[in-house]
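# no sequence for this one, just the structure:
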Ligand SMILES: C[S@@+](CC[C@H](N)C(=O)[O-])C[C@H]1O[C@@H](n2cnc3c(N)ncnc32)[C@H](O)[C@@H]1O
(Lines give C-alpha, C1' and ligand atoms only; values in the text may rest on other atoms or scores of the structure.)
Protein backbone atom coordinates (compact mmCIF):
# COMPACT_ATOMS: atom_id res chain seq x y z
CA UNK A 1 0.00 0.00 0.00
CA UNK A 2 2.74 2.45 1.02
CA UNK A 3 4.36 2.30 -2.43
CA UNK A 4 1.04 2.95 -4.17
CA UNK A 5 0.33 6.59 -3.25
CA UNK A 6 -3.00 6.67 -5.10
CA UNK A 7 -4.32 3.61 -3.20
CA UNK A 8 -3.13 5.18 0.06
CA UNK A 9 -4.85 8.46 -0.82
CA UNK A 10 -8.15 6.71 -1.70
CA UNK A 11 -8.05 4.72 1.57
CA UNK A 12 -7.37 7.88 3.59
CA UNK A 13 -10.19 9.80 1.93
CA UNK A 14 -12.64 6.90 2.35
CA UNK A 15 -11.75 6.65 6.05
CA UNK A 16 -13.65 9.91 6.55
CA UNK A 17 -17.41 9.18 7.00
CA UNK A 18 -18.16 12.28 4.90
CA UNK A 19 -16.52 10.76 1.80
CA UNK A 20 -17.04 7.02 2.42
CA UNK A 21 -19.78 6.64 -0.15
CA UNK A 22 -18.31 8.94 -2.83
CA UNK A 23 -17.64 7.35 -6.25
CA UNK A 24 -14.20 5.70 -6.14
CA UNK A 25 -13.60 6.71 -9.77
CA UNK A 26 -14.02 10.34 -8.78
CA UNK A 27 -11.72 10.10 -5.73
CA UNK A 28 -9.09 8.42 -7.93
CA UNK A 29 -9.32 11.05 -10.66
CA UNK A 30 -9.09 14.04 -8.32
CA UNK A 31 -6.50 12.25 -6.16
CA UNK A 32 -4.24 11.48 -9.15
CA UNK A 33 -4.33 15.15 -10.21
CA UNK A 34 -3.51 16.30 -6.69
CA UNK A 35 -0.66 13.80 -6.27
CA UNK A 36 0.89 15.20 -9.44
CA UNK A 37 0.58 18.80 -8.15
CA UNK A 38 1.36 18.54 -4.40
CA UNK A 39 4.62 18.07 -2.52
CA UNK A 40 3.40 15.24 -0.26
CA UNK A 41 0.74 12.55 0.11
CA UNK A 42 -0.65 14.43 3.11
CA UNK A 43 -1.13 17.61 1.08
CA UNK A 44 -2.72 15.66 -1.78
CA UNK A 45 -5.19 13.97 0.63
CA UNK A 46 -6.20 17.34 2.08
CA UNK A 47 -6.58 18.94 -1.36
CA UNK A 48 -8.70 15.98 -2.58
CA UNK A 49 -11.00 16.28 0.43
CA UNK A 50 -11.27 20.05 -0.08
CA UNK A 51 -12.31 19.57 -3.71
CA UNK A 52 -14.84 16.86 -2.77
CA UNK A 53 -16.30 19.21 -0.20
CA UNK A 54 -16.65 22.06 -2.71
CA UNK A 55 -18.24 19.95 -5.46
CA UNK A 56 -20.61 17.90 -3.29
CA UNK A 57 -20.21 17.86 0.49
CA UNK A 58 -20.95 21.57 0.88
CA UNK A 59 -24.53 20.98 -0.30
CA UNK A 60 -25.35 18.24 2.22
CA UNK A 61 -26.44 18.42 5.84
CA UNK A 62 -23.97 16.93 8.33
CA UNK A 63 -26.28 13.91 8.70
CA UNK A 64 -28.39 12.51 5.87
CA UNK A 65 -30.67 9.88 7.57
CA UNK A 66 -31.61 8.01 4.40
CA UNK A 67 -33.19 4.98 6.17
CA UNK A 68 -35.48 7.19 8.27
CA UNK A 69 -36.38 9.26 5.18
CA UNK A 70 -37.23 6.15 3.21
CA UNK A 71 -39.53 4.95 6.02
CA UNK A 72 -41.21 8.38 6.00
CA UNK A 73 -41.64 8.26 2.22
CA UNK A 74 -43.12 4.73 2.37
CA UNK A 75 -45.68 5.88 4.95
CA UNK A 76 -46.47 8.96 2.91
CA UNK A 77 -46.89 6.92 -0.29
CA UNK A 78 -49.31 4.56 1.51
CA UNK A 79 -51.31 7.56 2.71
CA UNK A 80 -51.23 9.00 -0.83
CA UNK A 81 -49.46 12.16 0.39
CA UNK A 82 -45.98 11.85 -1.08
CA UNK A 83 -45.45 15.54 -1.86
CA UNK A 84 -45.30 16.77 1.75
CA UNK A 85 -42.63 14.19 2.69
CA UNK A 86 -40.59 14.91 -0.47
CA UNK A 87 -40.72 18.64 0.25
CA UNK A 88 -39.41 18.14 3.77
CA UNK A 89 -36.50 15.93 2.63
CA UNK A 90 -35.52 18.13 -0.34
CA UNK A 91 -34.82 20.86 2.23
CA UNK A 92 -31.73 18.88 3.34
CA UNK A 93 -29.81 19.52 0.09
CA UNK A 94 -28.70 23.15 -0.04
CA UNK A 95 -28.93 23.40 -3.81
CA UNK A 96 -32.16 21.46 -4.42
CA UNK A 97 -33.73 23.35 -1.48
CA UNK A 98 -33.36 26.73 -3.22
CA UNK A 99 -36.00 25.63 -5.76
CA UNK A 100 -38.72 24.93 -3.18
CA UNK A 101 -40.22 28.46 -3.14
CA UNK A 102 -41.01 28.23 -6.89
CA UNK A 103 -41.16 24.46 -7.45
CA UNK A 104 -44.56 24.31 -9.19
CA UNK A 105 -43.79 27.35 -11.38
CA UNK A 106 -40.42 25.84 -12.29
CA UNK A 107 -41.89 22.70 -13.91
CA UNK A 108 -44.83 24.59 -15.40
CA UNK A 109 -42.33 26.82 -17.24
CA UNK A 110 -39.83 24.11 -18.14
CA UNK A 111 -42.36 21.59 -19.48
CA UNK A 112 -44.43 24.20 -21.35
CA UNK A 113 -44.09 23.61 -25.12
CA UNK A 114 -42.41 20.21 -24.63
CA UNK A 115 -43.92 17.06 -26.13
CA UNK A 116 -44.96 14.40 -23.53
CA UNK A 117 -41.96 13.37 -21.44
CA UNK A 118 -41.77 9.60 -20.85
CA UNK A 119 -38.09 9.33 -19.92
CA UNK A 120 -35.73 11.49 -17.90
CA UNK A 121 -32.00 11.48 -17.17
CA UNK A 122 -31.10 13.58 -14.12
CA UNK A 123 -27.34 14.23 -14.16
CA UNK A 124 -25.55 15.22 -10.91
CA UNK A 125 -29.03 15.04 -9.43
CA UNK A 126 -28.57 15.73 -5.70
CA UNK A 127 -32.04 15.25 -4.16
CA UNK A 128 -33.79 16.61 -7.29
CA UNK A 129 -35.53 13.27 -8.16
CA UNK A 130 -37.67 13.86 -5.05
CA UNK A 131 -39.31 16.67 -7.04
CA UNK A 132 -40.68 14.11 -9.56
CA UNK A 133 -44.20 14.32 -8.02
CA UNK A 134 -44.35 17.93 -9.32
CA UNK A 135 -43.22 17.03 -12.85
CA UNK A 136 -45.88 16.44 -15.53
CA UNK A 137 -44.37 13.13 -16.71
CA UNK A 138 -46.34 10.43 -18.54
CA UNK A 139 -47.85 7.81 -16.16
CA UNK A 140 -45.39 5.06 -17.19
CA UNK A 141 -42.32 7.32 -17.15
CA UNK A 142 -38.75 6.11 -16.63
CA UNK A 143 -36.40 8.18 -14.46
CA UNK A 144 -32.62 7.66 -14.46
CA UNK A 145 -30.62 9.63 -11.91
CA UNK A 146 -26.93 9.79 -11.04
CA UNK A 147 -24.64 11.56 -8.60
CA UNK A 148 -21.35 10.85 -6.81
CA UNK A 149 -22.85 9.47 -3.55
CA UNK A 150 -23.57 5.73 -3.34
CA UNK A 151 -25.79 6.01 -0.25
CA UNK A 152 -27.84 8.80 -1.82
CA UNK A 153 -28.31 6.71 -4.98
CA UNK A 154 -29.46 3.65 -2.99
CA UNK A 155 -32.01 5.88 -1.26
CA UNK A 156 -33.23 7.47 -4.52
CA UNK A 157 -33.41 4.06 -6.23
CA UNK A 158 -35.79 2.89 -3.49
CA UNK A 159 -37.81 6.12 -3.77
CA UNK A 160 -38.53 5.90 -7.53
CA UNK A 161 -41.17 3.11 -7.35
CA UNK A 162 -42.89 4.94 -4.48
CA UNK A 163 -43.43 7.80 -6.93
CA UNK A 164 -44.77 5.36 -9.54
CA UNK A 165 -41.60 5.57 -11.61
CA UNK A 166 -39.42 2.90 -13.16
CA UNK A 167 -35.73 3.68 -13.49
CA UNK A 168 -32.32 3.63 -11.89
CA UNK A 169 -30.19 5.71 -9.55
CA UNK A 170 -26.49 5.11 -10.04
CA UNK A 171 -23.24 6.32 -8.55
CA UNK A 172 -21.25 8.11 -11.22
CA UNK A 173 -18.57 10.59 -12.10
CA UNK A 174 -20.02 12.28 -15.17
CA UNK A 175 -16.68 13.88 -15.98
CA UNK A 176 -15.41 10.36 -16.81
CA UNK A 177 -18.53 8.54 -18.02
CA UNK A 178 -21.53 10.21 -19.58
CA UNK A 179 -24.60 8.01 -19.02
CA UNK A 180 -25.70 6.47 -22.32
CA UNK A 181 -29.48 6.21 -21.81
CA UNK A 182 -31.58 7.74 -24.62
CA UNK A 183 -34.24 9.93 -23.03
CA UNK A 184 -36.82 12.56 -23.88
CA UNK A 185 -35.43 15.02 -21.34
CA UNK A 186 -32.15 15.42 -19.47
CA UNK A 187 -31.72 17.66 -16.42
CA UNK A 188 -28.33 19.25 -15.79
CA UNK A 189 -29.38 21.54 -12.98
CA UNK A 190 -26.88 23.91 -11.34
CA UNK A 191 -24.22 21.23 -11.89
CA UNK A 192 -21.87 22.74 -14.48
CA UNK A 193 -20.07 25.08 -12.02
CA UNK A 194 -19.43 22.15 -9.61
CA UNK A 195 -18.31 19.83 -12.40
CA UNK A 196 -16.03 22.42 -13.99
CA UNK A 197 -14.11 22.80 -10.73
CA UNK A 198 -12.37 19.53 -11.54
CA UNK A 199 -12.73 19.41 -15.37
CA UNK A 200 -13.03 22.54 -17.53
CA UNK A 201 -14.19 20.63 -20.62
CA UNK A 202 -17.10 18.77 -19.07
CA UNK A 203 -19.89 21.31 -19.63
CA UNK A 204 -19.61 21.34 -23.41
CA UNK A 205 -18.92 17.59 -23.60
CA UNK A 206 -22.07 16.83 -21.60
CA UNK A 207 -24.31 19.11 -23.64
CA UNK A 208 -23.02 17.62 -26.90
CA UNK A 209 -23.01 13.94 -25.84
CA UNK A 210 -26.09 13.48 -23.69
CA UNK A 211 -28.62 11.33 -25.58
CA UNK A 212 -31.63 13.59 -25.00
CA UNK A 213 -33.81 15.56 -27.38
CA UNK A 214 -34.32 18.25 -24.74
CA UNK A 215 -31.82 19.31 -22.08
CA UNK A 216 -32.73 21.55 -19.16
CA UNK A 217 -29.52 23.29 -18.09
CA UNK A 218 -29.41 25.71 -15.21
CA UNK A 219 -26.97 27.85 -13.29
CA UNK A 220 -27.12 29.26 -9.77
CA UNK A 221 -28.38 32.83 -9.51
CA UNK A 222 -26.52 33.31 -6.23
CA UNK A 223 -23.72 31.69 -4.22
CA UNK A 224 -24.45 29.19 -1.41
CA UNK A 225 -24.07 32.07 1.05
CA UNK A 226 -26.81 34.02 -0.77
CA UNK A 227 -24.62 36.62 -2.50
CA UNK A 228 -25.38 37.55 -6.13
CA UNK A 229 -22.02 38.98 -7.24
CA UNK A 230 -23.21 39.32 -10.86
CA UNK A 231 -23.61 35.55 -11.15
CA UNK A 232 -26.57 35.47 -13.58
CA UNK A 233 -24.73 37.68 -16.11
CA UNK A 234 -21.52 35.68 -15.69
CA UNK A 235 -23.29 32.33 -16.23
CA UNK A 236 -25.38 33.65 -19.11
CA UNK A 237 -22.14 34.54 -20.91
CA UNK A 238 -20.60 31.19 -19.97
CA UNK A 239 -23.61 29.28 -21.29
CA UNK A 240 -23.31 31.14 -24.62
CA UNK A 241 -19.66 29.97 -24.82
CA UNK A 242 -20.71 26.38 -24.10
CA UNK A 243 -23.24 26.26 -26.94
CA UNK A 244 -21.23 28.33 -29.45
CA UNK A 245 -21.35 26.80 -32.93
CA UNK A 246 -24.57 24.82 -32.32
CA UNK A 247 -27.91 25.67 -33.90
CA UNK A 248 -29.92 24.50 -30.90
CA UNK A 249 -33.25 26.14 -30.18
CA UNK A 250 -33.18 27.65 -26.68
CA UNK A 251 -35.80 28.93 -24.25
CA UNK A 252 -34.61 30.95 -21.25
CA UNK A 253 -36.30 31.31 -17.86
CA UNK A 254 -35.04 33.40 -14.95
CA UNK A 255 -36.08 32.35 -11.43
CA UNK A 256 -35.07 34.15 -8.23
CA UNK A 257 -32.14 31.81 -7.52
CA UNK A 258 -31.67 30.01 -10.83
CA UNK A 259 -31.13 30.80 -14.50
CA UNK A 260 -32.61 28.07 -16.72
CA UNK A 261 -32.16 27.20 -20.39
CA UNK A 262 -34.28 24.57 -22.17
CA UNK A 263 -32.37 23.27 -25.19
CA UNK A 264 -34.00 21.52 -28.11
CA UNK A 265 -31.18 19.56 -29.74
CA UNK A 266 -33.44 18.63 -32.66
C1 LIG B 1 -25.22 22.34 -7.07
S2 LIG B 1 -25.60 20.67 -6.81
C3 LIG B 1 -27.00 20.48 -7.88
C4 LIG B 1 -27.93 19.35 -7.49
C5 LIG B 1 -29.16 19.17 -8.36
N6 LIG B 1 -28.81 18.99 -9.75
C7 LIG B 1 -30.13 20.33 -8.21
O8 LIG B 1 -29.98 21.33 -8.91
O9 LIG B 1 -31.04 20.23 -7.40
C10 LIG B 1 -24.31 19.87 -7.72
C11 LIG B 1 -24.39 18.36 -7.67
O12 LIG B 1 -23.37 17.83 -8.53
C13 LIG B 1 -22.91 16.63 -7.97
N14 LIG B 1 -21.60 16.33 -8.60
C15 LIG B 1 -20.43 17.00 -8.43
N16 LIG B 1 -19.46 16.44 -9.17
C17 LIG B 1 -20.03 15.39 -9.84
C18 LIG B 1 -19.53 14.43 -10.77
N19 LIG B 1 -18.25 14.46 -11.19
N20 LIG B 1 -20.39 13.50 -11.27
C21 LIG B 1 -21.68 13.49 -10.87
N22 LIG B 1 -22.21 14.37 -9.99
C23 LIG B 1 -21.39 15.32 -9.49
C24 LIG B 1 -22.85 16.94 -6.47
O25 LIG B 1 -22.79 15.81 -5.65
C26 LIG B 1 -24.14 17.76 -6.29
O27 LIG B 1 -25.24 16.94 -5.93
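Nice, thanks for sending it over. Because the structure is a prediction, the values reported are computed rather than measured.

# quick check: phi and psi on the closest residue to the ligand within the stretch 101-250 of the chain?
Closest to the ligand within the stretch 101-250 of the chain is residue 126: 2.9 Å, counting by Cβ to the nearest ligand atom. C-beta: built from backbone N, CA, C; applies to glycine. Residue 126 adopts backbone torsions of phi 60, psi -140, taken as degrees, to the nearest 10.

# state the distance from residue 147 to residue 112.
Using Cβ to Cβ, to the nearest Å, we find residue 147 at a distance of 27 Å from residue 112.

# when those two are compared, which one has more neighbours?
residue 147 (27 against 11; other Cβ atoms under 10 Å).

# what strand or helix carries residue 184?
strand 183-188 (DSSP states H and E).

# I meant residue 52, not that one.
helix 41-55.

# what lies in contact with that helix?
Outside helix 41-55, the residues that touch it by Cβ atoms under 8 Å, 6 or more residues apart in numbering are 5, 8-9, 12-13, 16, 18-19, 22, 26-27, 30-31, 34-35, 37-38, 148, 194-195, 197-198.

# what about residue 105, neighbour count?
13.

# same question, residue 176
By other Cβ under 10 Å, neighbour count at residue 176 equals 13.

# residues contacting it?
Contacts of residue 176 (Cβ under 8 Å, 6+ apart): 25, 26, 29.

# hmm, back to that, let me know the pLDDT of the residue of the stretch 101-250 of the chain closest to the ligand.
At residue 126, the predicted lDDT confidence score is 96.

# same question, residue 9
At residue 9, pLDDT is 98.

# sticking with it, tell me its helix or strand.
Going by DSSP H and E, residue 9 is in helix 5-14.

# quick check: next helix or strand after that helix?
helix 24-37.

# in the chain, which strand is the longest?
strand 137-147 (DSSP state E).

# and residue 260, what element?
Counting by DSSP H and E, residue 260 is found in strand 258-264.

# test my guess that residue 86 contacts residue 135.
No: with contacts counted by Cβ atoms under 8 Å, residue 86 stays clear of residue 135, the gap being 11.3 Å.

# same drill for the two, tell me which one is more crowded.
The neighbour count for residue 86 versus residue 135, taken as other Cβ under 10 Å, is higher for residue 86 (26 against 21).

# which residue packs closest to that one, ignoring adjacent ones?
residue 130 (4.3 Å; Cβ to Cβ, 6 or more residues apart in numbering).

# and the one you found, how many neighbours?
With other Cβ under 10 Å as criterion, residue 130 counts 27.

# check contacts around it.
Contacts of residue 130 by Cβ under 8 Å, 6+ apart are 86, 89, 90, 96, 156, 159.

# and those near the ligand, which?
residue 96 (Cβ under 6 Å from any ligand atom).

# hmm, which of the contacts of residue 130 is lowest in pLDDT?
Among the contacts of residue 130, pLDDT bottoms out at residue 96, giving 93.

# that one is in contact with residue 124, isn't it?
No: applying Cβ under 8 Å, one finds residue 96 not in contact with residue 124, separated by 11.1 Å.

# these two - which one has more neighbours?
Using other Cβ under 10 Å as the criterion, residue 96 and residue 124 rank with residue 124 on top: 26 against 22.

# could you pull out the buried residues of stretch 44-56?
Residues 44, 45, 47, 48, 49, 51, 52, 55, 56 are the ones in stretch 44-56 that count as buried (16 or more other Cβ atoms under 10 Å).

# and stretch 65-75, by the same measure?
66, 69, 70, 72, 73.

# a markdown table for the residues you listed, including secondary structure?
Shown next, in a markdown table, are the buried residues of stretch 65-75 (DSSP: H, G, I helix; E, B strand; the rest coil):
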| residue | secondary structure |
| --- | --- |
| 66 | helix |
| 69 | helix |
| 70 | helix |
| 72 | helix |
| 73 | helix |
